[in-house]
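Prediction below, plus the sequence it came from.
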Amino acid sequence: MKIVKLEQFHADMGWRPASFLKITTDEGLVGWAEYAENFGAGGVSDLLRRFAPIIQGLDPREVGKLTASLQAITRLAAGGLNNQAIAAIENACLDIKAKALGVPVYALFGGPFRTRLPVYWSHCGSFRVRFADLFESWGKPRIETLDDLKTLGQEATARGFTAIKTNPLFQDGGKLKMFEGGFRLYPKLLERNIDSTFIGAITDMLAAFREGLGPQTGLMLDINFSQRTEGFLRIARALEPFDLTWFEIDMHDPQALAHVRRSSRVPIASLESIHGLRGYRPYFEEGAADVAVVDVPWNGLWESVRIATLADAYEVNCAPHNFYGTLASIMSAHFCAAIPNFRIMELEVDDVPWRDEFVTVPPTLDNGEFVLPTGPGWGTEVNEEALRARPWPRR
């Protein structure tokens, strides 16, 4: 079996594109992967076009050899977008290999360890605030007050979710506004200093959510790269009364992250922006996070399982970074099913109403749990007609 063709598709997902890689073989088998093309200036698609002539003619079933070879020829520019392009190729080849064997992808790694995956409602309230007009056009009520957050918390619990994750929201001109995570151009991007008003807005928001959720439903806060060490510490200490499932932060310094973790009683989740096994190792050595967040589209499922194995040696659980579309959610579900040290799965509950149209077998969400697919490969195909019907950029 040989790779003969690579194709890319980009579809409208509201405020961002959904990007897909399709790899076709000489035997007619096809593999799919969803990848991210919406960070910074992008570039993964360009790299995939450059990798295409390198991998054409190779056997896609030799996934580990193929990935390791591509990583070897990009050593001078390891990580980053090169890593993400290689990951997309890896994931599509895993789909092919599993289909060739007639098994689900997770079976290639000894899974499933579980067939139902508890999920948390990610960006709960946050994206409804940031993209209020879009969500209102899709029939979702606006989130404008703390009472609205309380009501949303009640909805999450009623729908069976065992946890939610949100981001800082603060009052601006009488309405709630979502914070900036430290990776977009905005005032004070470089300083990233904290003040008491911002901390007060966070605690008020969490109090409203906690009142709506009740005492049993998990509550998480994600503030990305928005602070330096001092700010993370001040916020972490202010969060201690809320019994968070975790406080999610991003830092590219293992020692600084470990310092934050050891200086507060709040569990720390992190590492979603790290690439590759070697990138994760110093964080585990420093004991920097209670939960290691792993991005399957960025790292590839084979590499992600290797990262989880290393985390397991340090008694650290893993959770996927998954704020993408339906195929990426299915890919992340295979990761969750293929490792013993699984914590909980991220899922975008608030999203475009046509999200599941892009796959032929949509996933089942039952009482706050993602039901693992059982078909060969990812357990679904991509609906090319649906992708073409909703092109990105919009015409």
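Now that the structure is in, tell me what you want to look at. Residues are numbered from 1 along each chain as shown.

What sits closest to residue 359 if chain neighbours are left out?
residue 380 (4.5 Å; CB to CB, 6 or more residues apart in numbering). Yep, even glycine has a C-beta here, placed from its N, CA and C like the rest.

And residue 382, by the same measure?
Residue 382 sits nearest to residue 32 (CB to CB, 6+ apart), 4.9 Å away.

which element is that neighbour on?
Using DSSP states H and E, residue 32 maps to strand 30-35.

Show me the contact partners of the next helix or strand after that strand.
For strand 30-35, the succeeding helix or strand toward the C-terminus, using DSSP H and E, is helix 44-55. Contact with helix 44-55 is made by 3, 6, 8, 10, 19, 21, 35-37, 66, 70, 73, 81-82, 84-86, 88-89, as judged by CB atoms under 8 Å, 6 or more residues apart in numbering.

Sort out which of these are in strands and list them.
If you go by DSSP state E, the contacts of helix 44-55 have 3, 6, 8, 10, 19, 21, 35 in strands.

can I get these in CSV with distance to residue 285 and neighbour count?
CSV is the format used below for the ones in strands among the contacts of helix 44-55 (distance: CB to CB, whole Å; neighbours: other CB atoms under 10 Å):
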residue, distance to residue 285, neighbour count
3, 37, 23
6, 37, 19
8, 38, 17
10, 39, 17
19, 34, 27
21, 33, 26
35, 29, 25
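
Residue 222: which of those residues is nearest?
residue 35 (21.6 Å; CB to CB).

Please report the distance of the residue lying closest to the closest one once chain neighbours are set aside from residue 242.
Once flanking residues are discounted, residue 35 sits nearest to residue 88: 4.1 Å by CB to CB, 6+ apart. Residue 88 sits 38 Å away from residue 242, going by CB to CB, to the nearest Å.

More neighbours: which of the two?
Between residue 88 and residue 242, counted using other CB atoms under 10 Å, residue 88 has the larger neighbour count: 30 against 17.

just to revisit the earlier point, if the residue nearest to residue 382 is in a bridge, with which residues?
Beta bridges link residue 32 to residue 22, judged by DSSP bridges.

Please apply the same query to residue 117.
residue 370.

what about residue 258, how many neighbours?
Neighbourhood size, residue 258 [other CB under 10 Å]: 19.

Hmm, residue 286 and it touching each other?
Yes: the pair residue 258 / residue 286 is scored as a contact, 4.2 Å apart, by CB atoms under 8 Å.

Which secondary structure state does residue 135 sit in?
Under DSSP: H, G, I helix; E, B strand; the rest coil, residue 135 falls in the helix class.

Now stretch 150-157 - C-alpha only, CSV.
C-alpha atoms of stretch 150-157 as CSV (Å, rounded to 0.1, in the frame of the first residue of the first chain):
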residue,chain,number,x,y,z
LYS,A,150,-26.0,31.1,37.3
THR,A,151,-28.7,30.0,34.9
LEU,A,152,-26.2,28.5,32.5
GLY,A,153,-24.6,26.6,35.4
GLN,A,154,-28.0,25.2,36.3
GLU,A,155,-28.5,24.1,32.6
ALA,A,156,-25.1,22.3,32.6
THR,A,157,-26.0,20.3,35.7
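
Show me what it is in contact with.
For stretch 150-157, the external contacting residues (CB under 8 Å, 6+ apart) are 121, 124-125, 128, 143, 164, 208-214, 217.

Tell me which residues of it come out buried.
For stretch 150-157, a neighbour-count test (16 or more other CB atoms under 10 Å) marks 150-157 as buried.

pLDDT on it, on average?
Averaging pLDDT along stretch 150-157 gives 98.

next one: stretch 106-120
Computed over stretch 106-120, the average pLDDT equals 98.
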